[in-house]
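for reference, the sequence and a predicted model appear below.
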Amino acid sequence: MFYEGDVVAFDGGTFQALRDTGQPPSHKDWLCLAVAGRDARSPQVRGTFKDGAAYTHLDIVAHGGGSFIARRDNPGPCPGEGWQLLASQGRRGDKGERGPQGERGPMGTPGIAPKLKDWMLDCERYLATPIMSDGSHGPALDLRVLFEQFHNEVFSSASPGAGASAASSPLE
């Protein structure tokens, strides 16, 4: 899922989401910001920032709930002078209205319910799926909203006024 304003590197170009979307950057939900020229350098998404890793100009990293782009080769620690903030997480939106109660489901078959045996974790999508004693998988739990709430609570109490922001200095 990409959110309005997200900037991504895709297929040699850089794109910005015009709205919240699950579509790839080739879709009309995206604005093409730049495409690679003959000798052009394109931003490269490098994943989570790692101390001691070698980074070059236009490398993009995730760090502390935000994304940063290297302003030069060997940009140093992130965040820092060698990095430009691209995006940071904003505050959680207001809770929506409660919907109507659904219809009662059909009665289940009687029997011995399987017990929880283990969990299968999908760290990229923040999902935890229970593995039952009979080998079946229960419904996946989407934990993203809990992690987002935790992040917002921790960072809003750590630095007043935290929220969506972008550094004002231009990329070099």
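Looks like it arrived, so ask away.

ranges for the strands of this protein?
7-10, 13-17, 30-35, 44-48, 59-63, 66-70, 83-88, 116-122, 127-132, 141-142 (DSSP state E).

can I get the ones you listed in JSON lines including distance to Asn152 and mean pLDDT?
From N, CA and C alone the C-beta is placed, and that goes for glycine too. Output for the strands of the chain, formatted as JSON lines (distance: least, Cβ to Cβ, whole Å; pLDDT from 0 to 100):
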{"stretch": "strand 7-10", "distance to Asn152": "22", "mean pLDDT": "90"}
{"stretch": "strand 13-17", "distance to Asn152": "21", "mean pLDDT": "90"}
{"stretch": "strand 30-35", "distance to Asn152": "27", "mean pLDDT": "86"}
{"stretch": "strand 44-48", "distance to Asn152": "19", "mean pLDDT": "94"}
{"stretch": "strand 59-63", "distance to Asn152": "17", "mean pLDDT": "96"}
{"stretch": "strand 66-70", "distance to Asn152": "13", "mean pLDDT": "95"}
{"stretch": "strand 83-88", "distance to Asn152": "11", "mean pLDDT": "93"}
{"stretch": "strand 116-122", "distance to Asn152": "22", "mean pLDDT": "94"}
{"stretch": "strand 127-132", "distance to Asn152": "20", "mean pLDDT": "94"}
{"stretch": "strand 141-142", "distance to Asn152": "17", "mean pLDDT": "93"}
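
show me how the chain divides into domains.
For the chain, automatic domain parsing gives the domain ranges 7-90, 114-159.

one step back: so which of the strands of the chain is the most surrounded?
strand 66-70 (a mean of 22; mean count of other Cβ atoms under 10 Å).

which helices and strands sit right next to it?
If contacts are counted by 3 or more Cβ pairs under 8 Å, 6 or more residues apart in numbering; DSSP states H and E, strand 66-70 sits against strand 59-63, strand 83-88.

so what are the sheet partners of it and their directions?
strand 59-63 (antiparallel), strand 83-88 (antiparallel) (DSSP bridges).

quick check: angle from it to strand 44-48?
130 degrees (axes from the mean of the first three to the mean of the last three Cα atoms, to 10 degrees).

what residues does strand 66-70 touch?
The contact list for strand 66-70, computed with Cβ atoms under 8 Å, 6 or more residues apart in numbering, reads 7, 43, 49, 55-62, 78-79, 82-89, 171.

sorry, back to before: could you dump the strands of the chain into TSV and include distance to Thr109?
Rendered in TSV, the data for these read as follows (distance: least, Cβ to Cβ, whole Å):
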stretch	distance to Thr109
strand 7-10	47
strand 13-17	45
strand 30-35	47
strand 44-48	45
strand 59-63	46
strand 66-70	49
strand 83-88	49
strand 116-122	20
strand 127-132	15
strand 141-142	24
